[in-house]
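Trainee: sequence plus the predicted model coming up.
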4 protein chains.
Amino acid sequence: MSGALAELYRQLHAHPEVAFKEHRTAAVIAARVRDLGYDVTEGVGVTGVVAMLRNGPGPTVLLRADMDALPMQEKTGLPYASQIDGAMHACGHDMHVTWLIGALEVLQHEKASWSGTVMAVFQPAEEGGGGAQVMVDDGLFTRFAVPDVALGQHVTPLPAGTVGFRPGAFMAASDELRVRLFGRGGHGSRPEATVDPVVMAASTIMRLQTVVSREVAPIDTAVVTVGAIHAGTTSNIIAPEAELLLTIRTFSNAVRDRVHDAIGRIIRAEASASNAPAEPEITVTMSYPVLINDPIATSRTIAAIGAEVGAEKLIEQPLIMGAEDFGTYGTVAGIPSVFWYVGSTDVDVYAKAEQAGRLDQDIPSNHSPYFAPILDPTLEFGIRTMVAAAREWLD
Amino acid sequence: MSGALAELYRQLHAHPEVAFKEHRTAAVIAARVRDLGYDVTEGVGVTGVVAMLRNGPGPTVLLRADMDALPMQEKTGLPYASQIDGAMHACGHDMHVTWLIGALEVLQHEKASWSGTVMAVFQPAEEGGGGAQVMVDDGLFTRFAVPDVALGQHVTPLPAGTVGFRPGAFMAASDELRVRLFGRGGHGSRPEATVDPVVMAASTIMRLQTVVSREVAPIDTAVVTVGAIHAGTTSNIIAPEAELLLTIRTFSNAVRDRVHDAIGRIIRAEASASNAPAEPEITVTMSYPVLINDPIATSRTIAAIGAEVGAEKLIEQPLIMGAEDFGTYGTVAGIPSVFWYVGSTDVDVYAKAEQAGRLDQDIPSNHSPYFAPILDPTLEFGIRTMVAAAREWLD
Amino acid sequence: MSGALAELYRQLHAHPEVAFKEHRTAAVIAARVRDLGYDVTEGVGVTGVVAMLRNGPGPTVLLRADMDALPMQEKTGLPYASQIDGAMHACGHDMHVTWLIGALEVLQHEKASWSGTVMAVFQPAEEGGGGAQVMVDDGLFTRFAVPDVALGQHVTPLPAGTVGFRPGAFMAASDELRVRLFGRGGHGSRPEATVDPVVMAASTIMRLQTVVSREVAPIDTAVVTVGAIHAGTTSNIIAPEAELLLTIRTFSNAVRDRVHDAIGRIIRAEASASNAPAEPEITVTMSYPVLINDPIATSRTIAAIGAEVGAEKLIEQPLIMGAEDFGTYGTVAGIPSVFWYVGSTDVDVYAKAEQAGRLDQDIPSNHSPYFAPILDPTLEFGIRTMVAAAREWLD
Amino acid sequence: MSGALAELYRQLHAHPEVAFKEHRTAAVIAARVRDLGYDVTEGVGVTGVVAMLRNGPGPTVLLRADMDALPMQEKTGLPYASQIDGAMHACGHDMHVTWLIGALEVLQHEKASWSGTVMAVFQPAEEGGGGAQVMVDDGLFTRFAVPDVALGQHVTPLPAGTVGFRPGAFMAASDELRVRLFGRGGHGSRPEATVDPVVMAASTIMRLQTVVSREVAPIDTAVVTVGAIHAGTTSNIIAPEAELLLTIRTFSNAVRDRVHDAIGRIIRAEASASNAPAEPEITVTMSYPVLINDPIATSRTIAAIGAEVGAEKLIEQPLIMGAEDFGTYGTVAGIPSVFWYVGSTDVDVYAKAEQAGRLDQDIPSNHSPYFAPILDPTLEFGIRTMVAAAREWLD
């Protein structure tokens, strides 16, 4: 098994495809999984693939892998490095796909020993495109099934052969906002005849700092980042407007709501302080829910994985500020979901870096152009964890 | 004449009385001026004194001197220095009173050569108390007369024997505001349960800087100063409110209106940005109009003074950011008014300081504890200028 | 036992004494505990009392109660309410003292069944006075003993008969800063001749918001509050300086160091941006370390308490932003320390408020003028928890 | 005369050329003026033209016209509107060229009645390119002559047939700065690992407002505008740097120096407050001196113009915030210079707009796509004013 899957992984890695462009990837998946005897539907949510294995009565278990690559240049120098200019599997989605195909193969082989339905979801556009929601909107839960549990796993720079988990809130909800602030343009030497959007933006940005410093409880967690600001073209013209791009990260709906309210209130009030001729325009351009691991389902799933790989391989994780749209499945369907990390760093390399206090510096993390999971034992290990998790929920 | 008046000046200087407490001063004035044959009314606007000399048909000319001292300790070491602890004639109002009494004496003596009415106004509380308005409110223009012109003069650290003038806007309008910003208090470690008035105040203050930097035309003149801020009592309690005290200086109603509008707008918007539980409270605690010298009346008056003292003694002045409530008379009565400066610094001392580029450092200015007009020639000179100005307007 | 101790509690409650003034309280304690056969020393750290019971070989266990009241007016209306105007036991230190005396009585009675040394510390000035450090500085660990463990407990508005605990960081480190910002004063209408400390302070305050919003990791916890700001006396004078009072709360030395560095850096840079004529003056006026419950010692101690009162009475607590100087003992002596909460609210009242979602509103918390622990069962329960904890560590 | 010159004007207007691209314009000028018998040199400062008429002993008088158009689309709909896409004579430099050619013609004709040297300077790139300095650097005063006085005039939307003048400071010094603020980029959800340049820029912008509000005397005039700000590309990445483009306008070297000092100080301090990894980079990209009309030379020149066109046509102007590099000639050569405005708006249109209080709205100003001087009488009138001014200085 492993030789063919390793080859598949290398092929996927060499041919990365960015969000909603995963045509070759989807075709490879569909062919493989159809060969395994799954009922395969392509084009669910643009390029998504759904594979069903109905195996008698019992629970329906959603297993998810995301497929998209990142728009960046690979620098790993691997023999199977990206052959596509400006695209790279720098977040391990190629591994996720391979794991899931491997797991589907095992589940098919072991079919006699379980009962229920496997619902494999190969999702496009996890990286900022909200592919989960797009698949949901394209009928994932109406055309196929409403599952009883959603399971997903992700490669991470923990030591290979370990599993990272966290019950409850795990990864942040992420919202991205585009804000247009409207002033009134004019000559740079006559500010009194204008409403200066640069000053309006500056005061707004300073005020937005108070959302986290004053309105979020210290023991809660939130980030409000103004990632980009653009206004004006030259020094002596006051521009008519300014644009801000914001990221918000939170871990609970209560905090998220309060942060959104505060941001909207501040932006509108600062426009009003500037005597803006028009209300600011605030657009949510992307929104991922907080990824919450149902505590009971997590306890059960992680225990099953521990039974398979050894409880000493389980490492509890802190809150992760990164975002994932895996949470969408559980949130929309109203079902428990469990997401965990699978280590992909050589254990010796990891130990050395840890000893030197240089984990951040020496281990390429996800989204680094040097990100490169080691195949052995990561590939087989991730198949075992996924199968163990799925079998726990199937009768 | 001069000997008795010099003695009067020294007596006044030694017995300074602050705003609305000018009882001794008013009594001295009333007695003197009544002796001169004027029709004297005391207690106009608390401690104000009005002296009328009706001398046949013709114009009514208002001549004004302010009477109040400042609440500060004199450090001049003069033989006739203040005998009152914590009070000092540091702005020369004692000189103004003496000048006006001297001028009334001359006008009485020269009565045969002019026709009309002299309306001498000895005003209380010029220093922040708005004594002019208080006299107006107490019937100055209804109980006595509506004058045709208002004339006033002020000692200043120009060389003694010179006159400073400026047609049009001369001294700034001054408005003082008290602002209460309402937050919600609480424990310093739980900002999320509060509305922090310190942050609200800080953002408001930063934003108020934009009134002058962005909303007032560069060639216009305005000042917005937050002179005081007070909030909280200790480090670990978030206070329920903050108080700001503001001074505004402007030279035109258009600018003044725009500045007031902007300040109100900003204060309200910043409270709203903070989610304040109550609207801020903005109180105007003092308001002096811009002192505008009617251009035609000024030209005429200053020419008359120049004819008396020599045109080479006339010095055109820049805009003065200081404020004076003399403008109230002209503004309320709808009549032209003219206000000028009379130098009171020894000419040699002045010349030396000027040469050294140390005018600001070496010449004690008004409100300095060392402020000390030289009596000779200042005393006689100021009587001559006032009489010349008054005679110009009397038939 | 309980009748006499309840009376003692009511006496202490009726006679509150604020920080370093606990003379009557200390005398009462010393007499009582000396009667029990303890070796008592008074005046350790001004008003502190140390009581030793050396009972053969074995560990030394520090048991701590704080003694001081708060400078506030009691409003409970209790028959035994404060008889001292402007002072109140609003934080339950009277209960802590009573508990510890009760526990010392039990330990004396049970002397035959344990071996080791009891070191009872009755501490002054927990409320902002740093009494723990003052006792340490007065030789607590050199004149008496270096204990093997430090134990303390605190009343809190949990249901009476329950125990709140948290391994690891529990209560925040607290630092209080006084900051003087130096400008150059002058007339409000001539800002160009001054360095405006109000603007300097406002910009500093806005910038300080970025310490939490940008420099502390979102999953870490910190508070930076400017609790008070004072500058200027009137609207038209620019003051020479501004004063800020800050509170900082953190839970780790790394975060604390970073926050302190950032605050110092920002204050100095903002003074420099204003062209301040002198460096700001930053004074640490108070500093409590983070209260860290040694995880192993906590596990052991809380298990012992659970064995005594029932494991179902144990409630894990979140991080508490409040501060306590109990942490000083462990930090200075380099020993594990354990601090826990003991509920003091009537269980029915608590349940009703909880159901209504009005815990914060309906249950008077520590420092409220209505704070009133119910004596039964709080008094006896707290003695049992303290004895159980102490016995766990004595042989 | 006027017919040919009107045709020349229309030709120039239809063929606008932007800064340093005035090849056709320069060639037309050179040919015309050479025909008049002047000694013409082309290519002085890229495209500048210098024409000398040495006519015996006596003063050398520099007469200047700028030649460049603006990079904007004309919308006047005139028959002779711009035939060049994206270029327009919207600031009347075509008129200035025509006036100067017309004046040179007259001066040639009247040669017998004056003695001295006419030095006509046709300058490129007045609009932001600093063409005056470029001509100076290319030897204007070393290769040709050091003049005794520099004269220039400019069309403006005053009523046609009037002259606007102002002794002393007239048009602002203008400096343009490019500021790069260096932070440290990173993920938007991990601000603690970055130095956020957006917050650094925002605080800098707010602080820059205090330069005008606090550091420039209220009766002085200055503008500090941040015309453009650019940082970041997307919401969830913190960018490594931010760029600001600033315009500064002042009217005296003292103010200019203070403003520059304050800006530099603030930018550096705010970077330091942010813990920036590198000093900000501040580049002066353009710098025009204040245009100062020598009071005595102005009085003499404007009197001569008044004698020619009628004193009632002379209108004293306020300070103009716009900038002009004509001041460069006088500043560099150390000679008096005089610059005045010539009205170009139809008198009836002007009167109507003035009555309606709509001058700003109804009269297209310089740099408007609708700017269109009326030819009659503007063309002839401007020749008369230039000749009168020049003749005043020639013996």
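Mentor: Received, thanks.

Trainee: and the helices in the stretch 251-395 of chain A?
Mentor: For the stretch 251-395 of chain A, the helices defined by DSSP state H, counting those that start in this stretch occupy A:253-273, A:295-309, A:327-333, A:347-355, A:359-362, A:375-393.

Trainee: quick one: list the elements packing against the third one.
Mentor: On a contact count with 3 or more C-beta pairs under 8 Å, 6 or more residues apart in numbering or on different chains; DSSP states H and E, helix A:327-333 meets helix A:131-137, strand A:149-159, strand A:291-293, strand A:337-345. All C-beta spots, glycine's among them, are computed from the backbone N, C-alpha and C.

Trainee: for residue C:176, find the nearest of the ones you listed.
Mentor: Closest to residue C:176 of the helices and strands packed on helix A:327-333, according to C-beta to C-beta: strand A:291-293, at 38.0 Å.

Trainee: pLDDT of that closest one, averaged?
Mentor: For strand A:291-293, the mean per-residue pLDDT is 95.

Trainee: partner strands of that strand, parallel or antiparallel?
Mentor: When pairing is defined by DSSP bridges, strand A:291-293 lines up against strand A:168-182 (antiparallel).

Trainee: now the partner strand: buried residues?
Mentor: Buried residues in strand A:168-182, counted by 16 or more other C-beta atoms under 10 Å in any protein chain shown: A:169-182.

Trainee: do the same with stretch A:295-307
Mentor: In stretch A:295-307, counting by 16+ other C-beta under 10 Å, buried: A:297-298, A:300-302, A:304-306.

Trainee: now it - C-alpha only, PDB.
Mentor: Presented in PDB, the C-alpha positions along stretch A:295-307 are these (Å, rounded to 0.1, in the frame of the first residue of the first chain):
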ATOM      1  CA  PRO A 295     -15.400  17.700  24.300                       C
ATOM      2  CA  ILE A 296     -17.100  14.300  24.600                       C
ATOM      3  CA  ALA A 297     -16.500  13.400  20.900                       C
ATOM      4  CA  THR A 298     -12.900  14.500  21.200                       C
ATOM      5  CA  SER A 299     -12.300  12.500  24.300                       C
ATOM      6  CA  ARG A 300     -13.800   9.400  22.600                       C
ATOM      7  CA  THR A 301     -11.900   9.900  19.300                       C
ATOM      8  CA  ILE A 302      -8.600  10.800  20.800                       C
ATOM      9  CA  ALA A 303      -8.800   7.800  23.100                       C
ATOM     10  CA  ALA A 304      -9.400   5.600  20.100                       C
ATOM     11  CA  ILE A 305      -6.400   7.000  18.400                       C
ATOM     12  CA  GLY A 306      -4.400   6.600  21.600                       C
ATOM     13  CA  ALA A 307      -5.400   3.000  21.700                       C
END
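
Trainee: could you give me the buried positions within stretch A:218-228?
Mentor: Buried residues in stretch A:218-228 (16+ other C-beta under 10 Å): A:218, A:220-228.

Trainee: from residue A:29, how far off is the residue nearest the centre of chain A?
Mentor: The structure's chain A has its C-alpha centroid closest to residue A:324; by C-alpha atoms, centre = their mean the separation is 2.5 Å. The gap separating residue A:324 from residue A:29 is 20 Å, by C-beta to C-beta, to the nearest Å.

Trainee: sec struct for residue A:72, please.
Mentor: coil (DSSP: H, G, I helix; E, B strand; the rest coil).

Trainee: any idea how far it lies from residue A:371?
Mentor: 10 Å.

Trainee: of those two, which one has the most company?
Mentor: residue A:371 (23 against 17; other C-beta atoms under 10 Å in any protein chain shown).

Trainee: do you know how far that one is from chain B?
Mentor: 38 Å (C-beta to the nearest C-beta, to the nearest Å).

Trainee: wait, that residue touches residue A:364, no?
Mentor: Yes - the criterion here is C-beta atoms under 8 Å, and residue A:371 meets it with residue A:364 at 4.8 Å.

Trainee: and the closest residue to chain D within the stretch 251-395 of chain A, how many neighbours?
Mentor: Among all residues of the stretch 251-395 of chain A, residue A:321 sits closest to chain D, at 3.8 Å; criterion: C-beta to the nearest C-beta. The tally of other residues near residue A:321 (other C-beta under 10 Å) stands at 23.

Trainee: wait, it sits on residue C:219?
Mentor: Yes - counting by C-beta under 8 Å, residue A:321 does reach residue C:219; the two are 7.0 Å apart.

Trainee: which phi and psi values does the residue nearest to the centre of chain A adopt?
Mentor: Here the main-chain torsion angles of residue A:324 (degrees, to the nearest 10) amount to phi -150, psi 140.

Trainee: quick one: pLDDT of it?
Mentor: The model reports residue A:324 with a pLDDT of 93.
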